[in-house]
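Asks: Mind folding the following:
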Amino acid sequence: MLEFVHLLRRAGLRISTAEVMDALQALCFIGFTDREQVRAALRATLVKEAKDVPVFEEAFRAFFAPPAVRNELVRQVKEAQAKRHQELAKAEAELVFQGEPLALPEEDKLLYVSLAPEEKTRLQQFLEATSTGKNVDHHFRPLVTQLVRSHLAYLRRQHRGAGEAAWPEDGEKNPLALWVERNCGLWRQDVQEIAAADLPRAQALVAVLARRLATRIARRYRQSAKARAVDLRRSLRYNLRFGGALFCLKYRRRRPRKPLLVLLCDISGSMARYSSFTLQLLYGLSRTLRQPRCFLFAERLRELDLRQEAAGSLEALAASLERHQEYCGRQTRLDLALQELVEQHRSLLVRKTVLVVVSDTKTQDAERAARLLGEVRGRLKEVIW
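Replies: Next up is the predicted model:
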């Protein structure tokens, strides 16, 4: 039982000792003769979130399998690992710059192995021509590596846009890895690379993330031990019955203060997609935090009604940001946005305010923007970029 719990923990499930004791007590009531009853009891006592159910089911099927089935699963895993190592070694041998393999992550190497022969030949010819180019030395290696990674990322986006199966083929993965890829792949994906067909799933994941953050914020306020301090006046008054000896201490807890959140979103050019996701996340937190204030900027500053705009889908929010772009302009002027924020919304720039800036820092007159941001930082609790 403990080995099974350790397996679930390695798979990402949060299981406490009390829950393990509940599972053992449940097994004492139902016995071990019915496999389905055992599975249901362990699932009811060890799994707390719906997203962990498929992981538990796959772990239970593999761990409590008959010896013949388990041996077959072990053989399949070893074959998959050996195939993976062979593919990585093949990619390292072919993606070479001046006799040394490029420092690429494993996912890029596996993607290269899955390419069509003409795409592989094109990349190899590029590396060979670059390696033997005039005045080319080892200092060009980071640049060449980045170019190869960018090309592979482009091919990955093209493949996803075509609506085909996952790459590599789903049949080559075990069920647990396939479930993780299908349900958790968007967590690690660049927002700008998410296909239009995946936007509803992405919006659902953002909503889940917002609920988790909101719950953690509330729990942190209630259970924080650092906020407790001895209330000397109450302690002295209470212990007068003992002749003044401090047998029982009274504590005081800092009153939970929800910060005032001010969001400054860059909606110029390619930043609109990132800003829309951030606004969706903030909308999910708005019930936990104080009413946040949102401002959009490019060349000008404009306030956004978060509850009205962000309650819809990501597509609707992106369309709304495009309408605001006509007012705010196309170029990025963070200095003008900060200046307008200071002049027209000075009451928001206080010690309890957290300013969140969503931008890629590509702005005109960057020195003035940095100076203004430093001045604003002195008035606030925190600035999060």
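Asks: Which helix or strand in this structure has the lowest average pLDDT?
Replies: Least confident helix or strand, the chain: helix 175-184 with a mean of 51, by mean pLDDT, DSSP states H and E.
Asks: is it true that Arg300 touches Leu336?
Replies: Yes: under the contact definition of CB atoms under 8 Å, Arg300 touches Leu336, with a separation of 6.9 Å. Using the backbone N, CA and C atoms, a C-beta is placed for each residue, glycine as well.
Asks: Among these two, which residue is more densely surrounded?
Replies: Neighbours were tallied for Arg300 and for Leu336 using other CB atoms under 10 Å; the higher tally belongs to Leu336 (22 against 14).
Asks: What's the local residue count around the closest residue in space to that one that isn't next to it in sequence?
Replies: The shortest distance from Leu336 to any residue other than its chain neighbours is 6.4 Å, reached at Glu299 (CB to CB, 6 or more residues apart in numbering). Residues contacting Glu299 under the criterion other CB under 10 Å number 16.
Asks: Return the distance of Glu299 relative to Leu372.
Replies: According to CB to CB, to the nearest Å, Glu299 and Leu372 sit 15 Å apart.
Asks: Figure out the helix or strand that Glu299 lives in.
Replies: Here Glu299 sits in a region with no helix or strand, counting by DSSP states H and E.
Asks: That one against Gln339, yeah?
Replies: No: contact criterion CB under 8 Å: Glu299 and Gln339 do not qualify, at 11.9 Å.
Asks: So for the helix or strand harbouring Arg234, what gets flagged as buried?
Replies: With elements taken from DSSP H and E, the one containing Arg234 is helix 232-238. Neighbour counts using 16 or more other CB atoms under 10 Å place Ser235 of helix 232-238 among the buried residues.
Asks: Quick one: distance of that helix to the chain centre.
Replies: On the basis of CA atoms, centre = their mean, to the nearest Å, the separation between the geometric centre of helix 232-238 and that of its chain is 47 Å.
Asks: May I have it as PDB, with CA atoms only?
Replies: Taking Å, rounded to 0.1, in the frame of the first residue of the first chain, the C-alpha atoms of helix 232-238 are listed here in PDB:
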ATOM      1  CA  LEU A 232       0.900  42.300  25.500                       C
ATOM      2  CA  ARG A 233      -2.000  44.300  26.900                       C
ATOM      3  CA  ARG A 234      -4.500  41.400  26.600                       C
ATOM      4  CA  SER A 235      -2.000  39.000  28.000                       C
ATOM      5  CA  LEU A 236      -1.400  41.100  31.100                       C
ATOM      6  CA  ARG A 237      -5.100  41.700  31.800                       C
ATOM      7  CA  TYR A 238      -5.900  38.000  31.400                       C
END
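Asks: pLDDT on it, on average?
Replies: Regarding helix 232-238, the rounded mean pLDDT is 84.
Asks: Run through the neighbouring helices and strands of the top helix by length along the chain.
Replies: Longest among the helix segments of the chain by residue count, using DSSP state H, is helix 67-94. If contacts are counted by 3 or more CB pairs under 8 Å, 6 or more residues apart in numbering; DSSP states H and E, helix 67-94 sits against helix 106-113.
Asks: Which parts of the stretch 251-385 of the chain are helices?
Replies: Assigned helices in the stretch 251-385 of the chain, in chain order: 271-285, 306-309, 314-328, 334-344, 366-377 (criterion: DSSP state H, counting those that start in this stretch).
Asks: Flag every buried residue along the fourth one.
Replies: Read it as helix 334-344. Using 16+ other CB under 10 Å as the test for burial, helix 334-344 gives Leu334, Asp335, Leu336, Ala337, Leu338, Gln339, Glu340, Leu341.
Asks: just the last one next, same as before
Replies: When burial is assessed from 16+ other CB under 10 Å, helix 366-377 yields the following buried residues: Arg368, Ala369, Leu372, Leu373, Val376.
Asks: Return the closest of those residues with respect to Phe247.
Replies: Val376 (50.4 Å; CB to CB).
Asks: what angle do the longest helix of the chain and helix 106-113 make?
Replies: With axes from the mean of the first three to the mean of the last three CA atoms, to 10 degrees applied, the angle from helix 67-94 to helix 106-113 works out at 80 degrees.
Asks: immediately after helix 67-94, which helix or strand?
Replies: Proceeding N to C from helix 67-94, the next assigned helix or strand is strand 96-97, under DSSP H and E.
Asks: And that following strand, what does it pack against?
Replies: The elements that strand 96-97 packs onto, with contact taken as 3+ CB pairs under 8 Å, 6+ apart, are helix 117-131, helix 141-161.
Asks: again, only this time at 7 Å
Replies: The criterion is 3 or more CB pairs under 7 Å, 6 or more residues apart in numbering; DSSP states H and E, and the helices and strands that strand 96-97 contacts are helix 117-131.
Asks: Mean confidence (pLDDT) on the helix it packs on, please.
Replies: Here helix 117-131 scores 85 as its mean pLDDT.
Asks: and the angle for that helix with helix 67-94?
Replies: What separates the directions of helix 117-131 and helix 67-94 is an angle of 40 degrees, with the same axes, to 10 degrees.
Asks: which parts of helix 117-131 are buried?
Replies: Applying a neighbour-count criterion of 16+ other CB under 10 Å, the buried positions in helix 117-131 are Lys120, Leu123, Leu127, Thr130, Ser131.
Asks: Nearest to Val356 among the residues you listed?
Replies: Each of the buried residues of helix 117-131 was scored against Val356 by CB to CB, and Leu123 proved nearest at 39.8 Å.
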